[in-house]
Structures are given as C-alpha cells and as structure tokens.
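**Q** Dropping the sequence and predicted coords here.
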Amino acid sequence: MKRIVEPELLDELPPDDPRAVRSRKDLQRVNRLMRHAEIIAQQLLNTEANANCGRLVELGAGDGTLLLSVAQRLSPHRPRADVILVDQQSLVGKETRDAFHALDWELEVVKADVFDWLRSGTSDRHEAIVANLFLHHFSDKQLSELLRRAAANTKLFVACEPRRTLLPWTVSHLLGLIGCNAVTRHDAVISVRAGFTGNELSTLWPDEAKWKLSEGATGLFSHLFAASRNE
C-alpha cells in the first residue's frame, strides 16, 4: 500500500465544533483499544536509564489525555517530572490539568506549531519527546525536518503511529461498529493510508550512527519507532 498523506477533517474543524468534540472522545477510546499509552510508557521505561530525563514533551498533544495515561503509568517509577504539551490548538481541559497536578507532575501547555516550537530552541536536549498518532500527518519532506529538529533537542524520541497494512486498513473501515462518528471514521481511513511500515521513519532520522534506532509493528494495528542517543 503506497503512503498517501491527505488532510483530516478533525484538523479543519473548529475545536468547539460538536463533531470535533465527539471525535476527540472517540480518539480517547481508540487509543485505549490500541493500547498506545501502555506501549509508549513501556518504551520509555525500557530506555529510562539511557534517557535519564525528568521532562517529557509530547508533540501534537491534542487534549493531553494520552500523555496523562502515560504519566499515570510512569509515576510509580518517576514520582516527579515536568511535562510540556505542544499543540497548535488549546484543548487541554481542567480535569486533565488537575490529574497531572494530582500526580505531582508539573504541566506546561504550549499553543504553537511544533516546527516553530522546535526551531525556537526552548526545548532541552535532555528531554524525552513523544508523538502519538501525529507523524502520519506529514509528508516525508516535512517529517525529515521535524525529526531532524527533534533529534537536536532530545536524547530519546518515541512515536506510536498507525501501521499501513491490511488489518489496520480493514478495521479502520469498521469503527462505526463501536459508535465512532463520521469525522473519526473518515480520519481513521486517511490515517492508516498515511501510516508507516518497515523502516520508513528510521530512514528519515538524522545521524543514524549516533543513535540506537528501533522500529516495527506493535499490537495489532500500530507502528512503533524509538530513537535513543548513544552515550
């Protein structure tokens, strides 16, 4: 299946549009079904000693609930940490902010284009950066720049994305069976078509010799990429 990147409806709707609000709820459920918080948390724990970071950044964080789920899994192992959620929209609600506070994790929400934020140099090289269902929005040319800038600002990068194979493609047409709305059903198919297989993200990562890269299928529907800087 050839990779094709197309605009998604959720990105074009106003944040308070009822269809967008409902779709974000759908995505929370889809993330739980795909176990992305568990997958990302485990990947961070597996490389925690190498990363040795106390600050965690999510690019394209949306409403922040995915990273909250990651934080809840990490908190027994990392009692305190700083979190930065970067997104072009302000979608993080009070309930999510309070939940981070309850973990005793410091939360900063940044409304910005992720490319501008990475260019600004406000991030720190010792941070871990994660992305969930975000990289597939971009062309290879855009990804090459995004990953190059991310690599310059972190020791550990983890991304969990749609896997562009037959099973996820088939299931993406069936989300109506679990009650997902038209926006989610449309965007799910678009997302799988823009997803990844093989070592597509590794080939776009810069300075491969300086990093330990891993990439491949995870779960039934997802594609996991991790880059950890060699000490």
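**A** Yep, it's here. Only a predicted model underlies this, so the values are computations on that prediction, with no experimental measurement involved.

**Q** Distance-wise, check V21 relative to H36.
**A** 21 Å (CB to CB, to the nearest Å). Any C-beta I mention is one placed from the backbone N, CA and C, and that applies to glycine too.

**Q** Check V83 too.
**A** Counting by CB to CB - V83 and H36 are separated by 17 Å.

**Q** which of those two has more neighbours?
**A** The residue with more neighbours, out of V83 and H36, is H36; 24 against 21, by other CB atoms under 10 Å.

**Q** In contact with the nearest residue to the more buried one once chain neighbours are set aside: list those residues for me.
**A** Of all residues not flanking H36 in the chain, C160 sits nearest, at 4.8 Å (CB to CB, 6 or more residues apart in numbering). Residues in contact with C160, defined by CB atoms under 8 Å, 6 or more residues apart in numbering, are M34, H36, I39, I40, V130, A131, N132, L133, T218, S222, H223, L224.

**Q** Buried residues, stretch 17-31. List them.
**A** Using 16 or more other CB atoms under 10 Å as the test for burial, stretch 17-31 gives A20, V21, R22, S23, R24, K25, D26, L27, V30, N31.

**Q** Distance of the first one relative to A182?
**A** Summarising the geometry, the distance separating A20 from A182, computed by CB to CB, is 12 Å.

**Q** what's the answer for the fifth one, then?
**A** For R24, the distance to A182 (CB to CB) stands at 14 Å.

**Q** after the lowest-mean-pLDDT helix or strand in the chain comes which helix or strand?
**A** Ranked by mean pLDDT, DSSP states H and E, the weakest helix or strand in the chain is helix 48-51, scoring a mean of 53. Counting by DSSP states H and E, the next helix or strand C-terminal to helix 48-51 is strand 55-59.

**Q** Spit out the contact partners of E38.
**A** Listed by CB under 8 Å, 6+ apart, the contact set of E38 reads R73.

**Q** and the helix or strand hosting it, how far out from the chain's middle?
**A** Secondary structure assignment for E38, by DSSP H and E: helix 36-46. Put simply, helix 36-46 sits 12 Å off its chain's centre (CA atoms, centre = their mean, to the nearest Å).

**Q** Averaged pLDDT, the lengthiest helix in the chain. What do you get?
**A** Looking across the chain with DSSP state H, the single longest helix is helix 18-34. The pLDDT scores in helix 18-34 average 96.

**Q** Just the buried positions in the helix holding E38, please.
**A** Neighbour counts using 16+ other CB under 10 Å place H36, A37, E38, I39, I40, A41, Q42, Q43, L44 of helix 36-46 among the buried residues.

**Q** and what of stretch 198-215?
**A** Buried-residue list, stretch 198-215, by 16+ other CB under 10 Å: E200, L201, S202, L204, W205, W211, E215.

**Q** Name the residues that touch it?
**A** 3, 135, 140, 143-144, 147-148, 151, 159, 161, 223-230.

**Q** Output the below-cut-off pLDDT ranges for this protein.
**A** 48-53, 122-126 (pLDDT under 70).

**Q** mind listing the helices for it?
**A** Under DSSP H, the chain gives helices at 9-12, 18-34, 36-46, 48-51, 65-74, 94-102, 114-120, 140-151, 166-172, 182-193.

**Q** deepest of the ones you listed, which one?
**A** helix 65-74 (a mean of 22; mean count of other CB atoms under 10 Å).

**Q** Touching that helix from outside, list them.
**A** 28, 31, 36-38, 40-42, 44-45, 56, 58, 61, 81, 83, 85, 96, 99-100, 103, 105, 130, 132.
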